[in-house]
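Undergrad: Any chance you can model this:
(chains A and B)
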Amino acid sequence: DTAVSQTPKYLVTQMGNDKSIKCEQNLGHDTMYWYKQDSKKFLKIMFSYNNKELIINETVPNRFSPKSPDKAHLNLHINSLELGDSAVYFCASSPRFGLAGFRDEQFFGPGTRLTVL
Amino acid sequence: SQQGEEDPQALSIQEGENATMNCSYKTSINNLQWYRQNSGRGLVHLILIRSNEREKHSGRLRVTLDTSKKSSSLLITASRAADTASYFCATDKSGGSNYKLTFGKGTLLTVNP
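TA: Numbering: from 1, shown residues only, chains lettered A, B, ... in the order given. Below you'll find the predicted structure:
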């Protein structure tokens, strides 16, 4: 069984369109994340949710709106896509949140390669 | 500025040799983690070392942490072609109220058969 799954795996779209990427984890984790990996493989966190609540928003443009209908799902909707949005987007989850000094490993999905033309 | 920086950026070795990758960071941390990413795939957690630990082993992996130098190294012994991947260090900064990992740029390891 896939632990963290994302759909679609590939997304090719025109500038100005709106698109969504879905993420689901079946690990029972409380915390989920979205990362963006650019063409140079630099991985940067975008958002983090804990039990459906937004806890981290790393100065991501308002065009990006995460939605967590329940703690097993964290979807990413992107409005008015721009060329610079082309990247691989990874969803991840981790089992605990905020225990001082003891954080946990993160489990990553397979990624969604977004190409904006 | 970036928290984690790996070096070298790329490393090419022969099967059976050892591979050493280094990571430097700038601020105090709670823990440091190493991840592997195969081409076209997601990241896979390899090992976590806490700030009060100096060395940790897992199979063919050995990680060291020197908090005074703000650096870590990942050693893969007896490398195999299947170890070919990008390796990233990630740090969890101490003092933060939210759990956030900051990743380095990665080392691309190629193990030639």
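
Undergrad: residues near the residue nearest to B:Thr67 when sequence neighbours are not counted, how many?
TA: Among residues not flanking B:Thr67 along the chain, B:Ser51 sits closest, at 5.8 Å (C-beta to C-beta, 6 or more residues apart in numbering or on different chains). In short, each C-beta sits where N, CA and C put it, glycine included. Number of residues near B:Ser51 (other C-beta atoms under 10 Å in any protein chain shown) recorded here: 16.

Undergrad: show me where pLDDT drops low in the chain?
TA: In the absence of a named chain, chain A is used. Along chain A, segments meeting pLDDT under 70 span A:1-2, A:96-103.

Undergrad: To clarify, I was referring to chain B.
TA: For chain B, applying pLDDT under 70 flags the ranges B:1-4, B:94-99.

Undergrad: where along it do the strands fall?
TA: Secondary structure of chain B (DSSP state E): strands located at B:5-7, B:10-14, B:19-24, B:29-37, B:43-50, B:55-58, B:61-66, B:71-76, B:85-93, B:101-103, B:107-112.

Undergrad: Pairing partners for the fifth one, with directions?
TA: In the sheet containing strand B:43-50, its partner strands are strand B:29-37 (antiparallel), by DSSP bridges.

Undergrad: Using CSV, write out every CA atom in the strand it pairs with.
TA: What follows is strand B:29-37, C-alpha atoms only, in CSV (Å, rounded to 0.1, in the frame of the first residue of the first chain):
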residue,chain,number,x,y,z
ILE,B,29,19.5,22.6,15.6
ASN,B,30,17.3,19.9,17.3
ASN,B,31,18.2,17.2,14.9
LEU,B,32,19.7,16.6,11.5
GLN,B,33,18.4,14.1,9.0
TRP,B,34,19.7,12.6,5.9
TYR,B,35,17.4,11.7,3.0
ARG,B,36,18.0,9.9,-0.3
GLN,B,37,16.2,10.7,-3.6
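
Undergrad: any idea which element the residue nearest in space to the middle of chain A lies in?
TA: Centroid-nearest residue in chain A, with C-alpha atoms, centre = their mean: A:Trp34, separated by 2.4 Å. When elements are assigned from DSSP states H and E, A:Trp34 belongs to strand A:31-37.
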